[in-house]
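Enquirer: missing the sequence, but the structure's below:
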Ligand code: GLU
């Protein structure tokens, strides 16, 4: 009898150990989910004392590499530097890696970059894969054509070759808004603009703000037909890092309140 009681006690203790271990594991997982892997992105950024931003290198006015200095320049670049100054106290703590519309979400999700500041529209579809900050810029999709083109608006695209960039909302929207157009997709915006200049298509479609940069560079081209979508830009962060999203939103608000945001916008965005 005594022996049996002792055995029951042992069995209960073993069960208790397993139950406690399972609970402990569960709560660890939950806190990892909340703050991301390795204790959270915000913590990691503070520890590394830098933020690696994915930015465009071929998009005039937003993110363009200056061949003479090797530096990237533009609205997105200045916003990223100002965010690094707000969060880490020094704009030089912003580091930049090139992304294209197609590569930006994979590069974010495999940890190559901490955040995307690259003319990226907030959409419900993308929200399934990444988290976004508040809107920091409002654009809208439009068309760029050679001056004198027969294409004057989205109504004139029947049977017309339209150029777009892979992974952009523009490539999706144009098929919906002008189903009879023939859409050709390129890797990035410099390839797409070259294709327009060499006559591979009659129109290039993307955000008006990006097209203004191309028209500025080459006065033979103009925007036509106004905008036909809304493209609110957000900064994207890997899912599960709400603390980092909150910190970025706080920093964006501080930039707006201090007038720094307007200063950056006035420097780069003239047509609005
Ligand atoms: N804003 C649009 C997008 O997020 C077009 C610009 C781009 O390709 O980055 O897709």
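Expert: Structure received. Worth saying up front: this structure is predicted, and the values here are computed from it rather than measured. Residues are numbered from 1 along each chain as shown.

Enquirer: Could you use CA atoms for every contact and neighbour count after this?
Expert: Fine.

Enquirer: Tell me where the protein has helices.
Expert: With DSSP state H as the criterion, the chain has helices at 2-35, 41-48, 75-88, 104-109, 124-127, 169-177, 189-197, 208-217, 242-258, 260-268.

Enquirer: Spatially nearest residue to residue 96, not counting backbone neighbours?
Expert: Using CA to CA, 6 or more residues apart in numbering and skipping the chain neighbours, the partner closest in space to residue 96 is residue 53 (5.0 Å).

Enquirer: Tell me which residues touch the one you found, please.
Expert: Contact analysis of residue 53 by CA atoms under 8 Å, 6 or more residues apart in numbering lists 80, 94, 95, 96, 97, 113, 114, 115, 116, 117.

Enquirer: Quick one: buried ones out of those?
Expert: Buried by 16 or more other CA atoms under 10 Å: 80, 94, 95, 96, 97, 113, 114, 115, 116, 117, out of these.

Enquirer: What about these, which are in strands?
Expert: The strands, defined by DSSP state E, take in 94, 95, 96, 97, 115, 116 from the buried ones among the contacts of residue 53.

Enquirer: hang on, the earlier thing: from the buried ones among the contacts of residue 53, pick the one nearest the ligand.
Expert: residue 117 (9.5 Å; CA to the nearest ligand atom).

Enquirer: Let me see the contact set for the closest one.
Expert: Per CA under 8 Å, 6+ apart, neighbours of residue 117: 53, 54, 55, 76, 77, 80, 234, 235, 236.

Enquirer: Next, the closest residue to the ligand within the stretch 151-272 of the chain: phi, psi?
Expert: Using CA to the nearest ligand atom, the closest approach of the stretch 151-272 of the chain to the ligand is made by residue 168 at 3.2 Å. Backbone geometry at residue 168, expressed as degrees, to the nearest 10, gives phi -100, psi 160.

Enquirer: From here on, call the first residue 29.
Expert: OK, 29 is where the count begins now, so the last one is residue 196.

Enquirer: For it, grab the count of nearby residues.
Expert: 19 (other CA atoms under 10 Å).

Enquirer: Return the distance of the nearest residue to it once chain neighbours are set aside relative to residue 197.
Expert: Distances taken as CA to CA, 6+ apart put residue 129 closest to residue 196, at 5.6 Å, once the chain neighbours are dropped. The spacing between residue 129 and residue 197, counted by CA to CA, to the nearest Å, is 9 Å.
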